[in-house]
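> Predicted model and sequence below, questions to follow.
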Amino acid sequence: MNYAWFVPGTQLFTEARQMVLLRNRAYQGEAVAAAAAVAVAAATCLIDLPSNEAVLEHLQQENGCWPEVQDHHIPVPPTFLRSTQEAGKDNILGRYHPSSGYIFGKAPNILEAMESDQFAYRQCHTPFYPFQDQAEFELGKFLCECLTQSDIDQFLKLEWVRQAKPLFSSKDQLLAWMASLPTAPKWHSTTLEITGYPTIQPIQLIWRNGLDVVEDLFANPIFTNHMIYDPHVVVDGDECKYSEYFTAKQAFEIQWLIDTFIQDQLPKGATIVPVIIASDKMPSDVQMRATSHAWRCVGFMPIPKFSNVHTDYQTILSQRLLHKCMDIIFADVKVTAVAGKFMPDSSGHLRHCYMPLAAYTADLPEQQAIALIYDICQRIDPWRLREFQEEAKAHSLSGVHQPFWRNWWFADPARFLTGEILHTCHKFFFDHPFNHHKRVGTCHFSSGVCQMKQMTSWEHQDLQRTLVPSIAGVAPPQFIHAICALINFIYKAQNPVYTDTSVDSMVASLKEFHDHKQAILDAGARRGTKGTINNFLIPKLELLQSFAAFTKDIGALIQWTADLPFDRTSHQSRTFTEQIVDILNREESMRRFQLYLFLRMHNAPLTNAIVTEEQEITETDPALAWIARIAPGDPNQWCFVRPHPVRNHFLKGILSSTATTAFHVTQLYVLPDFGQALSDYIAKASNGQPLASWSSGHGHVKTWNKFRLQLHSVFCSQLIMPSQVIQAAPPSQTFPLGNCDAVVAQSIHGDRTVNIVTQVWAIFQPIPPCHGMLPHYLIDKPLIYVQYYEIIGHPHDEPAISMYVVARQYHNGPDSQRMRLGAVIPLMDVTHAVELIPMYGAGADHTVGAATSMELYEHFYLNNFLDKEIYHALRSDLH
């Protein structure tokens, strides 16, 4: 075999490939043709070698011709990230897999590859070519994103636009220019048919090559600081930690299989690139945010209508078509899962990559639609639809005889069909436990429970958050206990990080539900269309049993948890499908070109620098985080900002003494004991020696109606959470008794610090007198007037609800009248925003609404289901 060695510019390597026939052991000896990348050699090597084996032997010798790779940093895995204050304070240890993630040289990432674009030489002199400047490019981008093609033409005919003289004069010219920009993986349109089963309309699959998309993501420098290339064990004390995919068992097992059964003929040091597939929705931070573009759409699946086909067979034919489409999209990915492929990563390092199917995120019916029915195929012809479908339904299967994953190495449906938070938890809770409570606890709701036309996961989570304290006192304790245990399980199932102990705790919560679920049946709350149901044979409930195993196998399930509109098309000039393909190609090209130009305008490298020092993270949008480091004050950042960026009040807000809480202040009314409370604070702050220059009797204050509280994440101390607004608004038409939120504050009693629950009634700060100064104990210290609650019940006192119970504190006023106990404390003493839900008792007062309940009730539950952060923060005892 002859090898052609060449030196194309700065490229250091070339590939020698051979075609090999590999047998898929998992499926009865079915052969899979795969292309295997077997060797990469230095461009300067001129040795004449007779065979592939000789090339491999030469490359793997100690004095082989691999060039020396320069030292480089690798991103720090999220598990090891800490805030600046907590760096080095824990005993978390880690160990990488010894033979993974090797680097085989250099190759351009996707932005560096744009330097060799067909118009790159013109862009050296005119950066925005084919546009004349940034303003014209932004105008063209706006028109393409926001207007239809006919609207663009009308806009360009306006006299004002003609006077501005943009270089493009028609929509066709503008669209052609956008099409000439460097492109992302191309979209295609393919017409499909099922022999013998015609459709009313042609079957059009809009898709792009899955391998191209994976390569594009892998080489995207936006994600440099979010990439993980090696399986690694994380140990916290005596326990393993499970978070990202590479911290779990499956990554190690696949790495071992590659090393053992495949790489005996290939260079060592494979890099696993796990593939996550999601249907209609998309999966840890960067992955879960659609605005970060960490996920990519690879296909729009057709939903055909078959003509002259019985309705019973429409579903089975559509599902088989789905798998055929998936076969087309992921054909090259499956080859790479077997043979590997040399690909540049986001830093321009060449790696030998394999692509196992790590997760398929879908709801239960979709998961059932991809199950394999190999045994049935041996007995019944799959195209004898009636017989085949009857047999498949008897086994709760869809009737798909050739699932797309059948020849995808390392693809095991028992592992890649992961537990899914959205449907398996939130949707399941709404469909079942929430409906159970409506039949038992409706006396709290005078008009029943409102129904919405469309419930999203946000509404489902809101119901989970408030259900338990809302039905306490009306539903039987065992009934509430079962519901509470299930909500505890759902909250624990959403942890981004686990240890063996926290996995056991999640399992214990599910067991607690099963121990008490009989109370739901005894109450007759589980009903169907035909009456009462006396069992819990619910498939999604059964799936919850697998969550613990999935967590240890593939990592935290929250990481595996979007529709795209096409409203800028015209049905006149070309087909609808062709225009969709053009729109998809154009949108990604514009987004990438804009980032490339921004970097070039600031003379910044096209390789994102890896941040190795300890720092705090507020921006989980990786593109915005990158450009913010390059040009922190550039007004053009607005082009990249997502709708609601997280502001870091730790930079400009008021910091607590430990720098773990930040405040940002955004008027004052009659409070009976405010003056005395302020005098008491001044006396304490001044050690009993207040200065006459400012006092509560004749001093002035400035006030606010709200402030913002910002915290670090309970799970990742480096991550700064979005701020929360704490209201302290006076009475108004909407809130006749005021709108004042509850918080947890810290108070020092002797040599110990205790947590207290309070309600914020006023936010203020003393103002210096004219031609004078504030006393030292009042300078730069925003204060709040609060009213106290006392803890009268602990979670273990009432296991069915497992919440703290608080009551308002009172004292005798000047005339021995009973008054709420209030005090003035520093704003910086506040540690958490909390939610108090009234204890309604056996029957709620229907005259009380959300605007008045905080003032008309005396006893409250401290709701630990407010959000996932407060849920885990309140697990430590309040004193």
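Looks like it arrived, so ask away.
> going forward, measure contacts between C-alpha atoms and count neighbours the same way
Noted.
> Centre of the chain to stretch 726-745, how far?
Centroid separation between stretch 726-745 and its chain, computed with C-alpha atoms, centre = their mean, to the nearest Å, is 32 Å.
> so what secondary structure elements neighbour the longest helix anywhere in the chain?
Counting residues, the longest helix found in the chain (DSSP state H) is helix 311-339. Packed against helix 311-339 by the contact rule (3 or more C-alpha pairs under 8 Å, 6 or more residues apart in numbering; DSSP states H and E) you find strand 31-42, helix 210-218, strand 350-354, helix 385-394.
> Next up, phi/psi of V805, please.
Phi and psi for V805, reported as degrees, to the nearest 10, are phi -110, psi 130.
> so what does the helix or strand that the longest helix of the chain is followed by touch, helix or strand wise?
Remark: after helix 311-339, the chain's next helix or strand is strand 341-344, criterion DSSP states H and E. Judged by 3+ C-alpha pairs under 8 Å, 6+ apart, the packing partners of strand 341-344 are strand 31-42, helix 210-218, strand 350-354.
> Mean pLDDT lowest where, among those?
Between the helices and strands packed on strand 341-344, the one with the least mean pLDDT is strand 31-42; it has a mean of 31.
> what secondary structure does S346 sit in?
Here S346 is recorded as coil under DSSP: H, G, I helix; E, B strand; the rest coil.
> i'd like the first residue to be 39 from this point on
Yes, from this point I'll number from 39; that puts the last item at S384.
> Now R358. Nearest residue, chain neighbours left out?
Excluding its sequence neighbours, the residue lying closest to R358 (C-alpha to C-alpha, 6 or more residues apart in numbering) is V438, at 5.4 Å.
> The one you found against L359, yeah?
No. Taking contacts as C-alpha atoms under 8 Å, V438 lies outside contact range of L359: 9.2 Å.
> quick one, which of the two is more surrounded?
When V438 is set against L359 and neighbours are counted by other C-alpha atoms under 10 Å, the residue ahead is V438, at 27 against 21.
> low-scoring stretches of the stretch 639-788 of the chain, by residue?
For the stretch 639-788 of the chain, applying pLDDT under 70 flags the ranges 647-662, 666-708, 731, 733-735.
> so where do the strands sit in it?
If DSSP state E, counting those that start in this stretch is used as the criterion, the strands of the stretch 639-788 of the chain fall at 692-693, 699-703, 738-742, 744-749, 762-767, 777-778, 780-787.
> Distance to V862 added to these, as a markdown table?
Compiled in a markdown table, the strands of the stretch 639-788 of the chain are given as follows (distance: least, C-alpha to C-alpha, whole Å):
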| stretch | distance to V862 |
| --- | --- |
| strand 692-693 | 18 |
| strand 699-703 | 17 |
| strand 738-742 | 13 |
| strand 744-749 | 16 |
| strand 762-767 | 14 |
| strand 777-778 | 15 |
| strand 780-787 | 12 |
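> And the ones you listed: which comes nearest L821?
strand 738-742 (9.5 Å; C-alpha to C-alpha).
> Relative to the whole chain's centre, how far out is the closest one?
Worked out by C-alpha atoms, centre = their mean, strand 738-742 lies 40 Å from the chain centre.
> Relative to that strand, what are the paired strands and their orientations?
Strand 738-742 pairs in its sheet with strand 790-805 (antiparallel), by DSSP bridges.
> now for the helix or strand just after the partner strand, which elements pack on it?
Sequence-wise, the next helix or strand downstream of strand 790-805 (DSSP H and E) is strand 821-831. Using 3+ C-alpha pairs under 8 Å, 6+ apart, the elements in contact with strand 821-831 are strand 790-805, strand 842-846, strand 860-864.
> for the stretch 189-338 of the chain, which spans come out with low pLDDT?
Scanning the stretch 189-338 of the chain for pLDDT under 70 picks out the ranges 301-304, 317-332.
> now the strands for it?
Here the stretch 189-338 of the chain has its strands, by DSSP E, counting those that start in this stretch, at 226-230, 241-245, 270-274, 277-280, 309-310, 313-316, 337-338.
> by contact count, what packs against the last one?
Packed against strand 337-338 by the contact rule (3+ C-alpha pairs under 8 Å, 6+ apart) you find strand 241-245.
> Check the offset of the strand it packs on from the chain's centre.
Remark: strand 241-245 is offset 28 Å from the chain centroid, using C-alpha atoms, centre = their mean.
> Stretch 359-370 too?
26 Å.
> Now D155: closest residue in space, sequence neighbours ignored.
By the measure of C-alpha to C-alpha, 6+ apart, the closest residue to D155 outside its immediate chain neighbours is P220, 6.6 Å from it.
> That neighbour - how many residues pack around it?
22.
> can you check K224 too?
Using other C-alpha under 10 Å, K224 has 18 neighbouring residues.
> In this structure it contacts G248, no?
No. Using C-alpha under 8 Å, K224 is not in contact with G248; the gap is 10.5 Å.
> that older thread, out of the strands of the stretch 189-338 of the chain, nearest to M877?
Taking C-alpha to C-alpha, strand 277-280 is the member of the strands of the stretch 189-338 of the chain nearest to M877, at 38.1 Å.
> Buried residues of the longest helix of the chain, list them for me.
353-377 (16 or more other C-alpha atoms under 10 Å).
> okay, now the nearest residue to V782 once chain neighbours are set aside: neighbour count?
Excluding the flanking residues, the one nearest V782 by C-alpha to C-alpha, 6+ apart is V795, at 4.7 Å. Neighbour count of V795, defined by other C-alpha under 10 Å: 27.
> How about V795: which residues does it bridge to?
Assigned bridge partners for V795, using DSSP bridges, are V782, Y827.
> which residues touch it?
Going by C-alpha atoms under 8 Å, 6 or more residues apart in numbering, V795 touches 780-783, 826-829.
> swap in K819?
The contact partners of K819, taken as C-alpha under 8 Å, 6+ apart, are 803, 864-865.
> Please repeat the previous calculation with a cut-off of 10 Å.
692, 802-804, 863-866 (C-alpha atoms under 10 Å, 6 or more residues apart in numbering).
> same question, K549
K549 sits next to 520, 523-524, 527, 543, 555, 583 when contact means C-alpha under 10 Å, 6+ apart.
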